[in-house]
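Peer 1: I need the structure of the sequence given here:
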Amino acid sequence: MYENKIAIVIVSGLAQWQKLNVTAFLASSVAIAFPETHGAPLVSASGTQYLPFLKHPVLIYAAETDEQIKRAFNRASERGLHIGVYTRGLFATKNEEGNLTEVAKNADVELDLVGIIVYGENKKVDKAIDKLKFHS
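Peer 2: Sure thing, here's the model as predicted:
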């Protein structure tokens, strides 16, 4: 059993490609920030080594409204969990500098969130995402 959990919350009204894009970027944020989440490299019978996965469960939830994702964000923040964000404006950026500038334009309460990732102790993550359903 894992002590920590990774939960990603995606606004359900996004286009399919946007949901996948947001999920990929958010998952990478935990992998980059927390090397202890990395598993061992995968090795085929040929001896070829492949990149490792995250070794913690990654659960994907849907927010039906902007209020639901804000609620999860606020609850995660109140519990001191590690949070990554993806804002609507990031769809229009072309590089890291654009990403940094886009997020820096707004205070936390003003972020136009379309996705968040929450990483931390299982029980705290569960409480932060309380009432959200798995993405389908």
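Peer 1: tell me the contacts of the residue nearest the centre of the chain?
Peer 2: Nearest residue to the geometric centre of the chain (C-alpha atoms, centre = their mean): Ile117, 2.4 Å. Residues near Ile117 by C-beta atoms under 8 Å, 6 or more residues apart in numbering: 6-9, 26-27, 29-30, 83-84. All C-beta spots, glycine's among them, are computed from the backbone N, C-alpha and C.
Peer 1: repeat that with 10 Å
Peer 2: Taking C-beta atoms under 10 Å, 6 or more residues apart in numbering, we find Ile117 in contact with 6-10, 22-23, 25-30, 33, 58, 60, 76, 81-86.
Peer 1: likewise for Asp66?
Peer 2: Counting by C-beta under 10 Å, 6+ apart, Asp66 touches 11, 13, 88, 112-114.
Peer 1: quick one: it from Glu110, how far?
Peer 2: From Asp66 over to Glu110 the distance is 12 Å, taken as C-beta to C-beta, to the nearest Å.
Peer 1: contacting residues for the spatially closest residue to Lys105 that is not a sequence neighbour?
Peer 2: With sequence-adjacent residues excluded and distances taken as C-beta to C-beta, 6 or more residues apart in numbering, Lys105 is closest to Gly89, at 7.5 Å. Neighbour list for Gly89: 98-99, 101-103, 105-106, 111-112, 114 [criterion: C-beta under 10 Å, 6+ apart].
Peer 1: Gly89: what secondary structure?
Peer 2: Recorded secondary structure, Gly89: helix (DSSP: H, G, I helix; E, B strand; the rest coil).
Peer 1: contacts only, for Trp17.
Peer 2: By C-beta under 10 Å, 6+ apart, the contact list for Trp17 reads Phe91.
Peer 1: looking at this, it is in a helix?
Peer 2: Yes - according to three-state DSSP, Trp17 belongs to a helix.
Peer 1: report the secondary structure state of the residue of the chain positioned farthest from its centre.
Peer 2: Distance from the centre of the chain peaks at Ser46, with 33.7 Å (C-alpha atoms, centre = their mean). For Ser46, the assignment made with three-state DSSP gives coil.
Peer 1: circling back: any chance of a ChimeraX selection covering the buried ones in the contacts of Asp66?
Peer 2: ChimeraX command restricting those to the buried ones, with burial defined by 16 or more other C-beta atoms under 10 Å:
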select :11,88,112,113,114
